[in-house]
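*Asks:* Mind folding the following:
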Amino acid sequence: MKNASIIVVVLSILLVGCANHQSKGSNNDSVVGSDKDKHGCIGSAGYSWCARSKKCERPWELAEKIGFANTPGDFEEYCGE
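*Replies:* Numbers count the residues shown, from 1 in each chain. A predicted model of the protein is given here:
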């Protein structure tokens, strides 16, 4: 009976430690949409910096608008810094 009490106490301590660790981990600076690059473009929303237009652009939208192939290389060729 004494061993069972010790096990319950140890498990309770471990659970409390895990609960504190999880709550600290969920309160970090990784907020959705906070992944801005040096130009302020939000990569998770599909935006990349275009030096030619001097604004954040979505490559596939710009490719359709301007008329170049929707490839990373063609975006870089058009927008390259």
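*Asks:* Burial check on residue 60, number of neighbours?
*Replies:* 12 (other Cβ atoms under 10 Å). Placement of C-beta: from N, CA and C, glycine included.
*Asks:* Can you tell me the element it falls in?
*Replies:* helix 59-66 (DSSP states H and E).
*Asks:* Which residues does that helix contact?
*Replies:* With contacts defined as Cβ atoms under 8 Å, 6 or more residues apart in numbering, helix 59-66 is touched by 46, 48, 50, 53, 69, 70, 72, 74, 75, 78, 79.
*Asks:* Next up, the contacts around the second one.
*Replies:* Right, the one you point to is residue 48. Contacts of residue 48 (Cβ under 8 Å, 6+ apart): 37, 41, 56, 57, 58, 59, 75, 79.
*Asks:* who touches the nearest residue to the last one once chain neighbours are set aside in this structure?
*Replies:* If you skip the residues right next to it in sequence, residue 79 has residue 50 as its closest partner in space, 3.6 Å away by Cβ to Cβ, 6 or more residues apart in numbering. For residue 50, the set of contacting residues under the criterion of Cβ under 8 Å, 6+ apart consists of 56, 57, 62, 75, 78, 79.
*Asks:* Columns neighbour count on top of the residues you listed, output as a markdown table?
*Replies:* Formatted as a markdown table, those follow (neighbours: other Cβ atoms under 10 Å):
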| residue | neighbour count |
| --- | --- |
| 56 | 18 |
| 57 | 22 |
| 62 | 21 |
| 75 | 21 |
| 78 | 18 |
| 79 | 19 |
